[in-house]
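> Structure for the following, please:
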Amino acid sequence: MAVVAKRLLDAGLLAADAPTVTGRTIGDEAQAARETTSQQVIRPLSAPIAPHGGYRHPPGHLAPDGCVAKVAGHAEKVFRGTARVFEREEDAFAAVKAGEDQGGRRDRHPYEGPKGGPGCGRCST
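A predicted model of the protein is given here:
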């Protein structure tokens, strides 16, 4: 995280004077970061993998109360088609195992959160 903070600091995207739990500023912590030679995990801001991140905020009737969706691919920006709603991940998995997956469709799991269900209200799709 220190290297990420340093990259953000160098790009002018970090509030360098914000305090941290160490008592030092985030700018001080970022300046102290040392990047391992030839590391390839943290990419430079000038060469991102994709032009946007992996989370979306779907609009419209799909999430009338709002939600955050973790998307697997970055190429598809709009989906038009059929959606099925499963109340539990286990029900969706049973449908796939039973051969009900026909492709070309999106399945929603509105009550499944980042740690599984039940939970997270309407925050995942």
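> Mark out where each domain of the protein begins and ends.
Domain segmentation of the chain under automatic domain parsing yields 1-47, 55-108.
> now the ones you listed in JSON lines, with mean pLDDT?
Output for these, formatted as JSON lines (pLDDT from 0 to 100):
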{"stretch": "domain 1-47", "mean pLDDT": "92"}
{"stretch": "domain 55-108", "mean pLDDT": "73"}
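> got the ones you listed as CSV, with mean neighbour count columns?
(Each C-beta comes from the backbone N, C-alpha and C, glycine too.) Formatted as CSV, the domains of the chain follow (neighbours: other Cβ atoms under 10 Å):
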stretch, mean neighbour count
domain 1-47, 12
domain 55-108, 11
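> Can you tell me how far residue 51 is from residue 40?
The gap separating residue 51 from residue 40 is 20 Å, by Cβ to Cβ, to the nearest Å.
> just residue 91 next, same as before
With distances taken as Cβ to Cβ, residue 91 is found 40 Å from residue 40.
> again with residue 82
As for residue 82, its distance to residue 40 is 40 Å (criterion: Cβ to Cβ).
> where exactly do the helices run in this protein?
With DSSP state H as the criterion, the chain has helices at 2-10, 26-31, 89-97.
> Go through those helices and name the closest to residue 67.
Residue 67 sits nearest to helix 89-97 of all these, at 15.9 Å, using Cβ to Cβ.
> and that closest one, how far from the chain's centre?
Centroid separation for helix 89-97 versus its chain: 23 Å, with Cα atoms, centre = their mean, to the nearest Å.
> Stretch 41-54 too?
How far stretch 41-54 lies from its chain's middle: 13 Å, per Cα atoms, centre = their mean.
> Regarding it, how distant is the last residue from the first?
Start-to-end span of stretch 41-54 (Cα to Cα, to the nearest Å) is 16 Å.
> again, but for stretch 43-60
Start and end residues of stretch 43-60 are separated by 34 Å (Cα to Cα).
> Kindly report the same for stretch 22-32.
13 Å.
> ok, now stretch 31-38?
Terminal residues of stretch 31-38 are spaced 19 Å apart (Cα to Cα).
> Give me the residues contacting it.
Stretch 31-38 is contacted from outside by 2-3, 5-6, 9, 42, using Cβ atoms under 8 Å, 6 or more residues apart in numbering.
> Many thanks, have a good one.
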